[in-house]
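>>> Sequence and predicted structure below; questions after.
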Amino acid sequence: DPVPERRPVRRLDDATVASVAAGEVITRPADVVVELIENALDAGATRVDVAVAGDGTDRIRVSDDGRGMSRRDAELAVERHTTSKLAPGESVSAAETLGFRGEALASVATVARLELRTNDGGPQGTRVVAEYGPGAARTEPVGRGRGTTVTVRDLFAETPARRESLGTSRTEFARVSDAVSRYALVRPDVALSLTHDGSEVFATPGTGGYDDALLGVYDREIAGRAVEFDSVQGVDSGGGDAELALSGAVVQPSITRARRDHSYVAVDGRPVDNERLGRAVVEGYGDLLPDDRAPIAVVSVSTPDSWVDHNVHPRKRDVRLRAPDDVERAVESAVSDALSTADRRGADDLSM
Ligand code: ADP
Ligand code: MG
């Protein structure tokens with residue numbers, strides 16, 4: 001989808017704030033990474049680089065080549081309930097952007113030291129620092145090309161209870177890596193990279209190909225077994241005809257995983273943890289999948305306007321679908337069609 005024009009950052013009115021589902025609570029490094037990636041994608045970035053030190057509490061840095069912010073917007077952005085993503089009167093549920101609550105940067109700044117370096121294409125960039133509280137503590141000009149770099153340091157250093165509830169460094173980094181993979185796979189049009197303690201963990205090229213994204217995140221063997229698909233399915237929901245667009249890639253079931261978390265499902269560009277859609281992917285594999293094994297697959301569903309309420313999950317990790325059965329069926333058949341196409345192709349190859 002084309003990214004909407006850049007709008008100024010403004011403060012949400014009280015009614016809108018009240019309608020926002022839950023305060024955005026940052027409980028672990030991966031939550032920070034997700035919010036910063038979403039902001040970069042909402043800014044129309046074609047490149048997003050994520051660099052993490054240790055378990056992420058030391059330092060997380062996310063750089064993008066998106067639209068950037070003016071000085072005024074950058075200062076406002078670290079305050080509570082400020083956003084450029086909802087026009088006055090616009091409903092939170094209808095937001096087409098990944099963010100809409102205007103809380104993430106302020107929430108992160110409350111539990112860490114946050115620095116923004118940003119430039120919206122003007123002659124000079126802006127550096128804004130907020131430390132252990134929302135609102136800019138310092139603003140100054142800085143040299144930077146168009147785009148934004150957000151650095152978060154010393155996460156939870158002043159909230160020891162949060163810090164103590166974290167898992168091991170390994171667990172927390174695994175969560176970060178999983179989060180970055182989700183966006184890398186469902187947005188193959190964006191070049192996403194993850195670096196850990198200075199070494200690159202993975203990088204995708206941003207070609208738009210799901211196979212290229214799988215190659216970046218996984219390996220050649222898995223990418224080589226990926227079957228891409230792109231389909232439009234008409235659904236008849238509540239009397240009105242509508243179309244669902246599905247794209248993605250399924251990895252042929254000669255390679256499987258023990259756990260479900262290698263099925264990536266996105267609804268309107270948002271990776272979701274949706275039990276029913278996850279199951280629909282598995283159903284699409286049918287008998288091809290060995291017992292107790294889970295597939296590697298990426299399924300991205302685009303729905304008609306107002307089919308999805310994004311404002312239901314406190315951390316926006318799931319959505320409410322207007323016609324979940326239709327979406328489930330569409331996912332299942334997109335997956336099974338892709339696999340049977342691959343099967344036919346395989347049979348043709350053998351007969352040659
Ligand atoms: P939300 O994403 O819900 O609007 P955030 O607190 O995450 O709230 O961000 C506040 C605002 O800061 C955004 O609406 C956007 O205008 C601006 N912003 C944040 N990150 C970026 C970025 N990487 N590039 C451009 N603008 C950004
Ligand atoms: Mg945001």
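Nice, I can see it. Ligands and ions are numbered 1, 2, ... in the order given.
>>> which stretches of the stretch 1-150 of the chain have low pLDDT?
1-4, 14-24, 93-94 (pLDDT under 70).
>>> Contact partners for the closest residue to ligand 2 within it?
Residue of the stretch 1-150 of the chain nearest ligand 2, by C-beta to the ion: residue 99 (2.8 Å). Where you see a C-beta, it was placed from the backbone N, CA and C, and this is true even at glycine. Taking C-beta atoms under 8 Å, 6 or more residues apart in numbering, we find residue 99 in contact with 35, 38, 39, 42, 83, 85.
>>> Show me which residues of the stretch 51-200 of the chain sit near ligand 2.
Listed as neighbours of ligand 2 in the stretch 51-200 of the chain under the rule C-beta under 5 Å from the ion: 99, 104.
>>> Swap in 8 Å and give it another go.
83, 85, 98, 99, 100, 101, 102, 103, 104, 105 (C-beta under 8 Å from the ion).
>>> Is it correct that the third one is in contact with residue 316?
Yes. Using C-beta atoms under 8 Å as the test, residue 98 is close enough to residue 316 to be in contact (7.4 Å).
>>> what do these two both touch?
Here residue 98 and residue 316 have residue 270 as joint contacts, going by C-beta under 8 Å, 6+ apart.
>>> and the residues of the stretch 51-200 of the chain next to ligand 2, which of them are in helices?
The helices, defined by DSSP state H, take in 104, 105 from those.
>>> how close does the residue of the stretch 251-352 of the chain at minimum distance from ligand 1 get to residue 253?
When scored by C-beta to the nearest ligand atom, the stretch 251-352 of the chain has residue 316 as its residue closest to ligand 1, at 9.3 Å. Distance of residue 316 to residue 253, computed by C-beta to C-beta, to the nearest Å: 31 Å.
>>> Quick check: pLDDT value at the residue of the stretch 251-352 of the chain found nearest ligand 2.
Residue of the stretch 251-352 of the chain nearest ligand 2, by C-beta to the ion: residue 316 (9.2 Å). On pLDDT, residue 316 comes in at 74.
>>> Okay, it and residue 331: tell me how far apart.
20 Å.
>>> Likewise for residue 184?
20 Å.
>>> Please enumerate the strands of the stretch 101-250 of the chain.
113-119, 125-131, 138-142, 147-153, 191-196, 199-203, 226-237, 240-251 (DSSP state E, counting those that start in this stretch).
>>> I'd like the ones you listed as a markdown table, with mean neighbour count appended.
Output for these, formatted as a markdown table (neighbours: other C-beta atoms under 10 Å):
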| stretch | mean neighbour count |
| --- | --- |
| strand 113-119 | 23 |
| strand 125-131 | 22 |
| strand 138-142 | 13 |
| strand 147-153 | 22 |
| strand 191-196 | 21 |
| strand 199-203 | 14 |
| strand 226-237 | 16 |
| strand 240-251 | 20 |
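>>> What residue in the stretch 51-200 of the chain comes nearest to ligand 1?
residue 99 (2.3 Å).
>>> for the stretch 251-352 of the chain, which spans come out with low pLDDT?
For the stretch 251-352 of the chain, the ranges with pLDDT under 70 are 346-352.
>>> Strands of that one, start to end?
Along the stretch 251-352 of the chain, the stretches classed as strands by DSSP E, counting those that start in this stretch are 263-267, 270-272, 297-302, 308-309, 320-321.
>>> Reformat these as a markdown table; add distance to residue 235 and mean neighbour count.
Below are those laid out as a markdown table (distance: least, C-beta to C-beta, whole Å; neighbours: other C-beta atoms under 10 Å):
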| stretch | distance to residue 235 | mean neighbour count |
| --- | --- | --- |
| strand 263-267 | 14 | 24 |
| strand 270-272 | 18 | 24 |
| strand 297-302 | 11 | 26 |
| strand 308-309 | 14 | 20 |
| strand 320-321 | 11 | 18 |
